[in-house]
Each structure stands twice: as C-alpha cells, then as structure tokens.
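Trainee: what follows is a protein structure lacking sequence information:
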C-alpha cells in the first residue's frame, strides 16, 4: 500500500484497516504510518486530525497504550497546525493523565512546540498569555516550577507594555512566590528586574528605583553581570526623578556591556539622547540619536524603541526650532504607533498603549506653527484620537465583510459571530473596570478570554487570505478618510491639550489653523456642570456660568467660526476627545451666516466619537418608536413622539414604557427612528459607565450602556432623539481608572454602533416646552426631505428663533385637550420673540454621528 495515499481515506476506512491489523499483517510499522500522516499535517491538518482520532479510539479500546499515545501526539500536532489550540491542549492533558513512562517527555516536547509557535494561534500578541498559561498548567505537574515562573514573567512583561498593570503585578507576584519556594536568588533577581520595568511603565519611578536597586543587589550576590536593560531602566527611572547625571551614567554603563544587544542598544540610545537633551547637551543628544537610527535600520524589529527615537527626535527638533523636521518626526511616530497597535486586539490593551503616548504627542503638536498645510498636522493628531469605539466598529465591519465575501467557511463565520456576541455581552467598546482588572490568563473566571477566542478564529479566517480584524484601524487609514471629508467641503475640528492650554485645531481644505484656549475657564465650566447636575447650583447660577464661559471664549472662537463661514464649509465634524467641554453649537449659532444656513438645513455641527465611515442608507424614515414614562411628572414628554410623527407625516409611534424589561433589540430593532422621552441623569456619577442608564439613577431603563452595547449593532435606527436631561453627558472612567484617551462613554454615541444612525442629546437639563418644540421641528425637517442630521441641525437653529405664537400652535396641534390649558399656562408669560433665545436652551444640544 502507498502510505502517502492514506490521507485520502475516510476515517471509517482507516479505522477498519487498524482493527483488521492490516498494517501489522503487511509488515508496515506503525511509525511509518505515523510519518506518512505527519507529512500531510501541514497541508491537510484537519483530515490528519480526523484520521488520528479514529486511530486513538481503536488503539485505546484494544488496550494498546503506546500506540494510543503516539496517535494522540499526531492528533495534537494536526490540531496545532489547524490552529485549534483549545482542543489540542485538552488532548495533551489526556496524554499526561496516562500512566506510562513516555508521557512526560511527550507532554514536555509538545509544550515546547506550542511555545515555539505561540503566535500562530491568534492574530494578536495579547493572546500569548493564554498560551503561556495553558503550557504552565501542562508542565507544572512535572516539577517544572522555574520554567513556570519564567512563563509568568513573560506574561507580566506583555501585560505591562499594554498598560494592564494589575495583571502584570499578579503574574510577577506568582513568579516571586515560586522563587521564594525554590529559594532561587536568580529567579528573584529576574522578578525584581521585571518589577522595576512595570513600575517605570506605570510612571512610578521612585518605586522603580527601589526595585531596580534590589535587582542589582541580587545579581551582585550571584556574582553575575547586571543585565544591560536593567541598567537602562534604572537610567529611565533616575531621569524621571530629575537625577539626569546619574541616569546618564547608567545608560553609558549599559552601552559598554557585552550583553547589550543591538536590539537593546536602540532603546538605550533613544533614552540617553532624551536625557542629554534634558541636560541641554543638544549636539551629543543628536549624535546618539543618529547612532540609534542607524542601528534600527539594520535591526528593524524594535518598534517601541524606534517610536521612542522618533519622539525624542521630535523634541530635539523643537529645541532646534526645525519645524519641517518636527513634522517628519511626528509622521514617523504616527506610523510606528500604528505598527505597535497592529498586533494588539483587546480594546483595553490598545487603550493602554495609546495612554502611554498621547500626552507626548499632544505636547509636541503644540510646537507646530499655528497654521500650515493640513497634511503636516492631521496625521499625528489623528494618531491621538484612536479609541475603543473606532477599533470595535472596525472589527464589526471586518466581520460583516467576512460574512458577505464568503472568504471563510460557514462554520468559521458562525463561530466568529458567536464570539463577537460573547464580547458584546462582556462589554464592547466599554468594558466593566473590574472585568478589565481581572483580565489575565490565569484567572479561570475571566470572561474577557473571549478576546482570545476572537484572536484564534480570526487567525483561522486570515489563513484563508482575509485581512486581520484591525488592519484598517490605523491612523493612516483614518487620515485618508479625513482628507476625503476635507475634499468634500467639511471642516474638521479637534482639541488637544498641553500644559495649562487647550489647542483648538480646525482644518479647511488643505490648510489648518490653531488657536489656544486657557484651561481655567473650561475647568470652571466643568465644575459648574457638575454642580448643576448635583443640584448644588440653581438654574440662574448655571446660566451665569454658561454666559461667563461663552464670553471668555468668544473673542477667539468667534473668529474660528467666521473662517468656517467664509470658507462655505458644509459642516463641522468635531473629533471627540475625553473632555469635550466647549459648546460648539452655541458658537455656530452666534455666527449669522452659519445660523442662517443651519435654519435652511445646509449646515451642522457634528460630534464624531470614532473615525470610521458610516453606512449610507437611502430612502425616507418610515417607522418610529418612542420610550415614554407616563408615571413620571413630565407633562409634555409622553407626547413628543406625536409632535414628531405628525410633523414628519409618519404613522404614530409605537409606544414603549420606560420600565420595559424586554431585550432592547426586540423593543426597537425594527424601527427607523426612536424618541426617548423620559427622565435622565448624568453619566458622570456612575462609578463605572458600564452600569449607566437613562431614567432615574435608582431604576432600570431600556436604554443603558449594557443593553446598547449588545443590541445597537443590529438596530436599523437612523435617528435617535434622546430627549432626556443629561443624555449627552459622558463618563471618562471605569471602575479602576480614568481615561486620558478619547474613550469617554456617552449613551448617544452607542446608537452609532450600527454605523447608520445619528443621535441628538443634551448636556444638561432640558426645557419641557423647548424640547417638545424641537422634536416637532425635527419632524418638520424630515418631511421636507432633509437627512436626519441636517433636520436636527435645522431644528436647533429654528427653536432658538421660535415665536410664542408658533410654540402655542405646536402645543395646541399636538397635545390632548386635557393638557393644553396647563401647557399654555406655562408659556403665558413668555415674550412673543426670543422665548428660547438664551443659550441655556440650545448650547447643550449635540448631534452625534460618524465621520
């Protein structure tokens, strides 16, 4: 028999050959059969695994232990080749459970093979700890404790580099516990070295110095040479506690070591250059930086080191007042950050990486000229605006493309969708902080391991020539998208921060301009909003604070809006940051040209939480749903949907009670428009935005962060009017940390997860009558054939100029007779002109949409 043709057999046929002793009877050694199948493992691993499985069953049932182990090993190797790590490890555990001398060497050999190919089981490096944990579990039964400790250290290093410091410290704690149990000073030295690295990456430099000195003491006691990177990290720590001369000494000592690799020397020289620059030794700093760049040209692998070189070089360019070089350095840094992020899938790990660099990018951006070519500033600014929402939308788009392009098998698509659904239930784009804190591979109760499943199924799909989930989530791709919006006539606006100033950047055509805004008035305004939300400030006091803030910013910002009006821009697309405290709509309404264009449905100010294309949907809105609370003390809110549908010429809205407990997709999934007319509360006061919802803080509501993250990607909504108090507020934290990246959570933004919707929300308390009028005017715009976003912008401008007569007419035409008297009594003292002219009524209104 030609053994190379075994691969063509059906499993049942192969099993029959074994059970009939075909191979033994024909003088064919089992090892030859094994070798014939292993040769096919690379090209046809699934078929090999199927054949090996029936062989295992046959040999096990006949009590042939050695043969069972051999074919279990074959099955494991085939599964590893097909990237099925979970099933493979289960079979390795089965081998380990067999009482036979060969089992230990087989398990340890397979474990090492798994480690050697650790990156083949996923598309991201953040899945590595899962593999390390599985291998640790396999080998620790054979007394491989020191090896297990080193696996903990490997995982800790990765966690730390991604900003997952709790997981890093837990892994190091477990490694140190093993070191103590083995009384291994060498292992302790390794733990102290990594502990210092984690401390420095967490910016706890004094603790870094302490642990670094402990590591040096341990290496000296061992009589071993101190690792060069330990000296480098000590240099970084001393540099950041303002002991530059001591830091320089450590850097130079490390560079002189024979154990300093070219790879490590890149990072060392980058840090040394930074330190020399801080000491004012610019020529030396430049020389060292040049050497580091030359080394990278040969190495090409140390991406973090090269990013440090680019940022250090950018600082030198600032000192040298070399703007063209600064532009180049910032562009280089943007590309390098893209490369670092390209191998990371977990949204919170990507945020952790961005957090490390965002303030450094923003500090350098303020050194650019106050005006110039858009291409000079836009890319590095976009690099600071990557966030979890943009990443998650990119993943969802990738999954949709995989499903429609038929680039993967039905089974793989089904597994992909199941995994994405699991992640939506865990929390994406916003993850509960306690879940984030507990996300490490050794935590058996870790729900976030669904991200490892996604990495694994993505690797299987990508092996069939598909792109990776986040290949398009790059600053370069987003930069290209932004340029297309500029060419289409839109204005892009971004805020960055450095020191005690905020920088407002606006891009029109192929040019940018920048103005500086003191943080003091913005900070005062932020406090006023918090006080008002907590009823520590009354309405009059809040209006005064709003007026003061507008007056302080108007001299500079009014000029910006005059430029935008003069350029005839179609809209302002403000790319959100973590603060978003300037009421941009108010400044658009202050400009007569822009206000007039808004009233005609020709201009809008849009808040953009993620830089990704929206799905364009043609046709008119047809169906409407409304969430109301008739038990609450809201006179007009339950009838806002009637005002909208009658003005829009649509069928009456389907009414949903504010205490409904059904699945959100079941409640509103089939509707084009949604109006939420209930009480609301500020997201700022939830300990974690994961638990945030509309309605009162104490009672549940259909619209919550949890429900929206699960359902919103599947909704067909194109318009959401979230007419509740504080619906536009945002949370910049989760249970464990505050965000500096553009990862604040706002409920209206979650409506955009279907990439079709726009949402209207308010930053503070809404006026019942003004909101009712606004909702009617939005419907009016829809009937005129306007797109939802321009219909909303038109309504905001028109409500500002509404007369008492027009408001009375709207109330009479849309309210039951039993409520009209009370509604009219409320406005009886209002002036005929200007009843809603105060910025209080409109400045807090925001339109949320994609780019």
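Mentor: Here it is on my side, so go on. From a predicted model like this one, the values you see are computed outputs, not experimental measurements.

Trainee: tell me who's in contact with the closest residue to residue 532 other than its chain neighbours.
Mentor: What sits nearest to residue 532 in space, not counting adjacent residues and going by Cβ to Cβ, 6 or more residues apart in numbering, is residue 542, at 4.3 Å. For glycine as for every other residue, the C-beta is placed from the backbone atoms N, C-alpha and C. Counting by Cβ atoms under 8 Å, 6 or more residues apart in numbering, residue 542 touches 528, 529, 531, 532, 764, 840.

Trainee: now with 10 Å?
Mentor: Contacts of residue 542 were listed using Cβ atoms under 10 Å, 6 or more residues apart in numbering, and they are 528, 529, 531, 532, 533, 764, 765, 840.

Trainee: assumed it was part of a helix.
Mentor: Yes - counting by DSSP: H, G, I helix; E, B strand; the rest coil, residue 542 is located in a helix.

Trainee: what strand or helix carries residue 467?
Mentor: Assessed by DSSP states H and E, residue 467 sits outside every helix and strand.

Trainee: distance check, it against residue 338.
Mentor: 15 Å (Cβ to Cβ, to the nearest Å).

Trainee: between these two, which has more neighbouring residues?
Mentor: Taking neighbours as other Cβ atoms under 10 Å, residue 467 and residue 338 compare with residue 338 leading, 19 against 15.

Trainee: chain center to the helix or strand hosting that one, what's the gap?
Mentor: Assigned by DSSP H and E, residue 338 belongs to helix 323-341. On the basis of Cα atoms, centre = their mean, to the nearest Å, helix 323-341 sits 21 Å off its chain's mean C-alpha point.

Trainee: and that helix, what other elements does it pack with?
Mentor: helix 303-319, helix 347-365, strand 371-373, helix 374-383, helix 475-487 (3 or more Cβ pairs under 10 Å, 6 or more residues apart in numbering; DSSP states H and E).

Trainee: please identify the buried residues of the longest one?
Mentor: Of the residues in helix 347-365, those buried under the neighbour-count criterion (16 or more other Cβ atoms under 10 Å) are 347-358, 360-365.

Trainee: that helix - what's its average pLDDT?
Mentor: Helix 347-365 carries an average pLDDT of 96.

Trainee: same question for stretch 203-210.
Mentor: Here the average pLDDT along stretch 203-210 is 95.

Trainee: which positions within that stretch qualify as buried?
Mentor: 204, 205, 207, 208, 209.

Trainee: how about the residues you listed in a markdown table, adding distance to residue 740 and secondary structure?
Mentor: Listed next are the buried residues of stretch 203-210 as a markdown table, based on distance: Cβ to Cβ, whole Å; DSSP: H, G, I helix; E, B strand; the rest coil:
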| residue | distance to residue 740 | secondary structure |
| --- | --- | --- |
| 204 | 17 | coil |
| 205 | 18 | helix |
| 207 | 21 | helix |
| 208 | 21 | helix |
| 209 | 25 | helix |
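
Trainee: what about the contacts of residue 542, which are in helices?
Mentor: 528, 529, 531, 532, 533, 840 (DSSP state H).

Trainee: buried subset of these?
Mentor: 528, 529, 532, 533, 840.

Trainee: can you tell me which of these is nearest residue 94?
Mentor: residue 533 (58.3 Å; Cβ to Cβ).

Trainee: hang on, that closest one packs against residue 728?
Mentor: No - applying Cβ atoms under 10 Å as the test, residue 533 and residue 728 come out as separate, 11.8 Å apart.

Trainee: picking up where we left off before, just give me the closest of the buried ones among the ones in helices among the contacts of residue 542 to residue 685.
Mentor: Of those, the one sitting nearest to residue 685 (Cβ to Cβ) turns out to be residue 533, at 7.2 Å.
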